[in-house]
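[1] can't give you the sequence, but here's the structure:
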């Protein structure tokens, strides 16, 4: 069975974590392949939205597959290699030029929650439960995982979740800012389609540049940074910008 399924439909690419019998726990190989897939989609101008979801109804992802830990994550050198694969997958998602949606049913725990945190939107069903019970395993969050979580929560709240070492329900996750919105199970697919329609009607250049400039802003970049000047040039010399201005002046909807 392919542990990562890829589905394409027009401007939308969906990656499915496909280990429902293991609550979609991520193996080392899956982390590496996830990074490769997202990087490949990042260069595809025809893809406007990426969706991450878990197979089945019980889990988005239970996190990293603990059965691999005795061999692949024991000792500093092995842990560093494993950590690098996780960090690269999360970095690929954060840096993807497309809007990335996590569709969360069931549990999103540990690495599963951090994977969702790397996405731009997190749509959870009412039966979802999320948390960071990693202190029960004696592991620590990696830098890449912390970077993903810091997109959503201040450091104190991250520590609090780890100290609680329990799962929170969807409503509390929404109050904390872990998920963007909570929907009834029978509304999930319709809501995802609504978001896709909304996102594909927006300027892809704006989405790409917004994500990139926020990464610069939060990593100490300033207006003198050559990458920032390149972003300005790519947006304000681009066809999407010209179409957006034309549509506004002509009092019509833009066609991006």
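    Sure, I can see it. Computed from a prediction, not measured in an experiment: that's the story for all the values here.
[2] could you double-check that residue 125 lies in contact with residue 105?
    Yes. At 5.0 Å, residue 125 and residue 105 qualify as touching, with contact defined as CB atoms under 8 Å. Backbone N, C-alpha and C define where each C-beta goes, glycine included.
[3] quick check: neighbours shared by those two?
    Shared contacts of residue 125 and residue 105 (CB atoms under 8 Å, 6 or more residues apart in numbering): 185, 188.
[4] ok, which stretches of the stretch 101-250 of the chain are strands?
    Secondary structure of the stretch 101-250 of the chain (DSSP state E, counting those that start in this stretch): strands located at 107-109, 121-125, 129-131, 168-169, 181-183.
[5] helices or strands next to the fourth one in the packing?
    Secondary structure elements in contact with strand 168-169, counted by 3 or more CB pairs under 8 Å, 6 or more residues apart in numbering; DSSP states H and E, are strand 129-131.
[6] not counting the strand it packs on itself, show me its contacts.
    104, 106-110, 113, 116, 124, 161, 164-170, 173, 178-179.
[7] quick one, which of those are buried?
    104, 106-110, 113, 116, 124, 161, 167-168, 170, 173, 178-179 (16 or more other CB atoms under 10 Å).
[8] what about the closest residue to residue 205 other than its chain neighbours, how many residues nearby?
    Nearest in space to residue 205, with sequence neighbours left out and distances taken as CB to CB, 6 or more residues apart in numbering, is residue 240 at 4.2 Å. A total of 20 residues lie near residue 240 under the criterion other CB atoms under 10 Å.
[9] do residue 24 as well
    Summarising burial for residue 24: neighbours were counted as other CB under 10 Å, giving 28.
[10] am I right that it is in contact with residue 111?
    No. Between residue 24 and residue 111 there is no contact, the gap being 10.5 Å when judged by CB under 8 Å.
[11] got any residues that touch both of these two?
    Common contact partners of residue 24 and residue 111 (CB under 8 Å, 6+ apart): residue 61.
[12] quick one: residues contacting residue 217.
    In this structure, residue 217 makes contact with no residue, judged by CB under 8 Å, 6+ apart.
[13] at 10 Å what do you get?
    If you count contacts by CB atoms under 10 Å, 6 or more residues apart in numbering, residue 217 has them with 225, 228.
[14] how much space separates the residue nearest to residue 183 when sequence neighbours are not counted from residue 171?
    Nearest in space to residue 183, with sequence neighbours left out and distances taken as CB to CB, 6+ apart, is residue 191 at 4.9 Å. Plainly put, residue 191 is 16 Å away from residue 171 if you go by CB to CB, to the nearest Å.
[15] which one of those two is surrounded by more residues?
    Neighbour totals were compared for residue 191 and residue 171, and residue 191 leads with 16 against 13 (other CB under 10 Å).
[16] and the residue nearest the centre of the protein?
    residue 119 (2.0 Å; CA atoms, centre = their mean).
[17] got the domain boundaries for the chain?
    4-199, 203-249 (automatic domain parsing).
[18] any idea which of these is most buried?
    domain 4-199 (a mean of 19; mean count of other CB atoms under 10 Å).
[19] returning to what we had before: can you redo the strands of the stretch 101-250 of the chain as a markdown table with distance to residue 79?
    Conversion of the strands of the stretch 101-250 of the chain to a markdown table gives the following (distance: least, CB to CB, whole Å):
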| stretch | distance to residue 79 |
| --- | --- |
| strand 107-109 | 19 |
| strand 121-125 | 27 |
| strand 129-131 | 22 |
| strand 168-169 | 27 |
| strand 181-183 | 35 |
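[20] how far does stretch 211-223 sit from its chain's centre?
    Offset of stretch 211-223 from its chain centre (CA atoms, centre = their mean, to the nearest Å): 18 Å.
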